[in-house]
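Participant: Sequence isn't available, so here's the structure alone:
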């Protein structure tokens, strides 16, 4: 753990205000000039069940959720039980006692306990729902979260609900504060001193993907709700109409991607969001998108699979599906995101690549990023390059699938004079008419596959973390990159020769860059959150590298400590 | 259908034919329907440049190849969903789907209710021949159990569905039925569908001489019965009654059953856009600022 970090975990039962407490702490930390990375788990049930929200904050950039927590706040007995095996000497534990639903065991040696009667205090105020405010008041005092900032956040949030509700919550907050003030602070954790707030927004991965779509210029979005992707659609549904765009909740994912096809053919820039099960349903139409050369973007927020699997849990296991999921030989561009900022940037990139290459693009996010909120520099929409599809200039005969030097054929929106044509999933000649000669099928395959080849050269080179020769090179993708970054930094700080390699263009694979990196490393370790080692598989099949897979699949992300330990093991 | 796409051109119906030769079997009812489509496009004055003709897979789904327009030949069952996206993205254009009973109601059955209830502004012409023709004769959702087909050698175990009842129930705002043997009536009903603002559905019986040996042209001739002239097309209850052969001496209605004016999906979406003050040059920075901590 970095020196100035503070990690606060709040846990209890869904509906007890866990999520809002976490949001308030995160917002207050951000307003106090800190960087924030949050991490949540919640049950698949609507109400009840164990819910957890963790805020990692630091004056420096934080790139993952951390190894464990410093401060734990238990709203109930279950939360206490679930987390107590993680207590270590030094951990600070705030818990609902007396008057809560449990009698905690004696805390282990060295653990600092702060019993705060949260339930009882809220009950005394005749406002059971403000139990979390009592906790927040206590946390504010104990861990140096600026009281005024926190109160301001509460006012902004509850102000809309009326003065009465706000006052009640502020009252509970003050009670919590008083209760904590009467206690002796014995642990060493505190939020770093406040600084001037940075020019940041605080946003979740899913909202950021929606924002990326909006910055990227979508005018049509259709999706079917699917955890953990639904907030992308929610964000777009709030904001796209302001830009005059069209949003549909489709009857299923097949309809969603089909609607994208129609809308894109008609001239719109289009996007959908889904998770693995939905992407499976879209697979057939993705083949047609390749064949008919129609730009579509799919944001796949991966969850635990197969089947309905672990709907609310983190996994990175759709890589096989994203790259090869359809029948026949179909070219595909697949990107992945490292963090919340990437959810904005790479969504714009995905739209650009889809438009430029007239091809489906799949952007892989994951369950960890979906709900993780992070402070990111306030995006400047005018700083993004926006690419639109090549359109016909009106000269000569219009051929939809014209063979050109760059294999990209100009498109003509319906309504254009003298350019009527057919878009089809059947193999076709340059004019779109079915053509099934052996020569033509090969020729057109070559056109479609060669078309996307330049992506590898044009795309930003893969980032290499560290220099010189290394004993271990760690290659990873998705949100695991943030974890590996910290692990590599710690290992290097300890004098180990370790490097990191973080591809975001998953397909086509920048094979040369992989090879070049591997040349400088004795061993290659590939941590990823799936059972089969899906990226390892592609590295083995596409390059000469023989990686050591390191896979976990318990529904949770890696921690930096896990990667540090594994690297030490393979060195 | 979009006003912009209508009555813009004066073209003879032959001019709507593309250069692609029609490939259906001799004696197939689809020829008659296609003639009806050409005539309807001409009579409605549809500008081919502003027409998006969309289909799925099957014999009838070849139709877009044969007509002058922008067109998409898509996947099994998906024409309606593709058309929905195309219409919403370009409400200024006209959208027409042509497809068969298997394509629409079996593999594409999940989309049909939603186009109807959402009142997507498009025309769906369904060529109903009670068989899968392009895969050489399997039973379809509208096949009668008497039919011994490729995959029902002993007859069918299922009762057929009733497309008219289905569409009326799901809220289609224009529902009509015709028979391929009457291309003039086909043309008239399709023209009405093209001119209707909202989801218009025209079911057309079409004999398949190659694979459906029981639903012959003679069978359909005996089956259909023109809707009484005094039928009130705004009366949903009566339309539902007419759609049920059980209550009409086994006869299937021919003509316009139902027509209703109702805001279309794109109109309602436009209302939402206006309500939130939406316009294409809205400042995205305002949206971004909402995520300040």
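Facilitator: On my side now, so go ahead. Note that the structure is a prediction, hence the values are computed from the model and not measured.
Participant: Quick check: mean pLDDT of stretch A:482-489?
Facilitator: Mean per-residue pLDDT for stretch A:482-489: 98.
Participant: How about the residues of the stretch 51-200 of chain B by chain A?
Facilitator: B:51-52, B:54, B:64-65, B:68-75, B:78, B:81-90, B:92-93, B:110-111, B:113-114 (C-beta under 8 Å from any C-beta of the partner chain). Quick note: C-beta positions are derived from backbone N, CA and C, even for glycine.
Participant: Give me the buried entries from these.
Facilitator: Applying 16 or more other C-beta atoms under 10 Å in any protein chain shown to these, the neighbour count classes B:51-52, B:54, B:64-65, B:68-75, B:78, B:81-90, B:93, B:111, B:113-114 as buried.
Participant: among those, which are in helices?
Facilitator: B:64-65, B:81-89, B:113-114 (DSSP state H).
Participant: gap between the helix or strand that contains residue B:189 and the chain center?
Facilitator: For residue B:189, the host element (DSSP states H and E) is helix B:183-195. Relative to its chain's centre, helix B:183-195 lies at 11 Å (C-alpha atoms, centre = their mean, to the nearest Å).
Participant: can you check stretch A:171-180 too?
Facilitator: From the chain centre to the centre of stretch A:171-180 is a distance of 35 Å (C-alpha atoms, centre = their mean).
Participant: which SS state does residue A:39 fall under?
Facilitator: strand (DSSP: H, G, I helix; E, B strand; the rest coil).
Participant: whoops, I mixed them up, residue A:414
Facilitator: Under three-state DSSP, residue A:414 falls in the coil class.
Participant: show me what contacts the closest residue to it other than its chain neighbours?
Facilitator: In space, and not counting its chain neighbours, residue A:414 is closest to residue B:70: 3.8 Å by C-beta to C-beta, 6 or more residues apart in numbering or on different chains. Residue B:70 sits next to A:414-415, A:420-421, B:49, B:51-53, B:93 when contact means C-beta atoms under 8 Å, 6 or more residues apart in numbering or on different chains.
Participant: Residue A:313: which of these is nearest?
Facilitator: Nearest to residue A:313, judged by C-beta to C-beta, of these is residue B:52 at 42.0 Å.
Participant: any idea how far that closest one lies from residue B:11?
Facilitator: Per C-beta to C-beta, to the nearest Å, residue B:52 is found 17 Å from residue B:11.
Participant: repeat for residue A:162
Facilitator: For residue A:162 relative to residue B:11 (C-beta to C-beta), the value is 64 Å.
Participant: The two: who's more crowded?
Facilitator: Ranked by neighbour count (other C-beta atoms under 10 Å in any protein chain shown), residue A:162 and residue B:11 place residue B:11 first, with 16 against 10.
Participant: where does the more buried one fall, phi/psi-wise?
Facilitator: The phi/psi pair for residue B:11 (degrees, to the nearest 10) reads phi -130, psi 150.
Participant: Is there a neighbour count for the closest residue to it other than its chain neighbours? I'd like the number.
Facilitator: Distances taken as C-beta to C-beta, 6+ apart place residue B:42 nearest to residue B:11, at 5.7 Å, with adjacent residues excluded. Per other C-beta under 10 Å, the neighbour tally for residue B:42 reads 19.
Participant: residue contacts, residue A:548?
Facilitator: Taking C-beta under 8 Å, 6+ apart, we find residue A:548 in contact with A:523-526, A:570.
Participant: The closest residue to residue B:71 other than its chain neighbours and residue B:20, how far apart?
Facilitator: Closest residue to residue B:71 apart from its sequence neighbours, by C-beta to C-beta, 6+ apart: residue B:64 at 3.7 Å. Using C-beta to C-beta, residue B:64 is found at 9 Å from residue B:20.
Participant: One more: residue A:30?
Facilitator: When residue A:30 is compared with residue B:20 (using C-beta to C-beta), they lie 61 Å apart.
Participant: Could you check which of the two has the larger neighbour count?
Facilitator: Using other C-beta under 10 Å as the criterion, residue A:30 and residue B:20 rank with residue A:30 on top: 25 against 14.
Participant: Tell me which helix or strand the more buried one sits in.
Facilitator: helix A:18-31.
Participant: Tell me the gap between that helix and the middle of its chain.
Facilitator: The answer for helix A:18-31 is 19 Å, by C-alpha atoms, centre = their mean.
Participant: do the same with stretch A:329-342
Facilitator: Averaged C-alpha coordinates place stretch A:329-342 at 12 Å from its chain's average position (C-alpha atoms, centre = their mean).
Participant: cool, stretch A:273-285 as well?
Facilitator: The answer for stretch A:273-285 is 18 Å, by C-alpha atoms, centre = their mean.
Participant: Just the mean pLDDT for it, thanks.
Facilitator: Here the average pLDDT along stretch A:273-285 is 98.
Participant: Run through the helices of the stretch 1-150 of chain A in chain order.
Facilitator: Using DSSP state H, counting those that start in this stretch, the helices of the stretch 1-150 of chain A run over A:18-31, A:77-83, A:118-124, A:131-143, A:147-158.
Participant: so which of those gets nearest residue A:174?
Facilitator: When the helices of the stretch 1-150 of chain A are ranked by proximity to residue A:174 (C-beta to C-beta), helix A:131-143 comes first, at 6.1 Å.
Participant: Measure how the closest one sits relative to helix A:18-31, angle-wise.
Facilitator: 40 degrees (axes from the mean of the first three to the mean of the last three C-alpha atoms, to 10 degrees).
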